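Engineer: Let's see this in three dimensions:
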Amino acid sequence: MKNNIKFLIPNSAFLILVACTTIPKTVEVPIAVECPQPPEITRPQLAVKTLQPASPPAEVIKAYAMTLEQLAGYATELETILKGYRK
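Structural biologist: Sure thing, here's the model as predicted:
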């Protein structure tokens with residue numbers, strides 16, 4: 001029985017050490033990558049800017065509705081470009 005314990009303790013310690021050292025370790029190293037220049041995007045000519053002080057209310061409402069659509073499209077275009085830089 002004593003011989004079994006003397007044999008078992010060193011072998012158990014050896015197995016524990018071997019098991020701990022065989023786990024593969026991965027290290028992620030950031031690499032600097034040159035970022036391309038962003039494309040030039042022109043701002044839309046908003047329909048609201050064309051309104052005159054004497055414009056009728058119906059024309060003002062249409063101009064504001066068109067402006068909302070223009071700005072939504074512009075925002076979508078900017079977000080699409082930004083997604084390319086987030087990768």
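Engineer: Tell me where the model's unsure across the protein.
Structural biologist: 1-9, 11, 15-24, 87 (pLDDT under 70).
Engineer: Could you list the alpha-carbon positions for stretch 54-65 in CSV?
Structural biologist: Output of stretch 54-65 as CSV, limited to C-alpha atoms (Å, rounded to 0.1, in the frame of the first residue of the first chain):
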residue,chain,number,x,y,z
ALA,A,54,-43.8,84.7,-49.6
SER,A,55,-44.1,80.9,-50.4
PRO,A,56,-47.6,79.5,-49.9
PRO,A,57,-48.0,77.1,-46.9
ALA,A,58,-48.6,74.1,-49.2
GLU,A,59,-45.3,74.7,-50.9
VAL,A,60,-43.5,75.0,-47.5
ILE,A,61,-45.0,71.7,-46.4
LYS,A,62,-43.8,70.0,-49.6
ALA,A,63,-40.4,71.5,-49.3
TYR,A,64,-40.0,70.3,-45.7
ALA,A,65,-41.2,66.8,-46.6
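Engineer: Just the buried residues of it, please?
Structural biologist: residue 63 (16 or more other Cβ atoms under 10 Å). C-beta: built from backbone N, CA, C; applies to glycine.
Engineer: what does it rub up against?
Structural biologist: 47, 48, 50, 51 (Cβ atoms under 8 Å, 6 or more residues apart in numbering).
Engineer: How about residue 85: what's its closest non-neighbour residue?
Structural biologist: Counting by Cβ to Cβ, 6 or more residues apart in numbering, the nearest residue to residue 85 once its immediate chain neighbours are dropped is residue 35, at 6.9 Å.
Engineer: Can you give me the distance of that neighbour to residue 25?
Structural biologist: Between residue 35 and residue 25 the distance is 30 Å, computed by Cβ to Cβ, to the nearest Å.
Engineer: Alright, that wraps it up for me.
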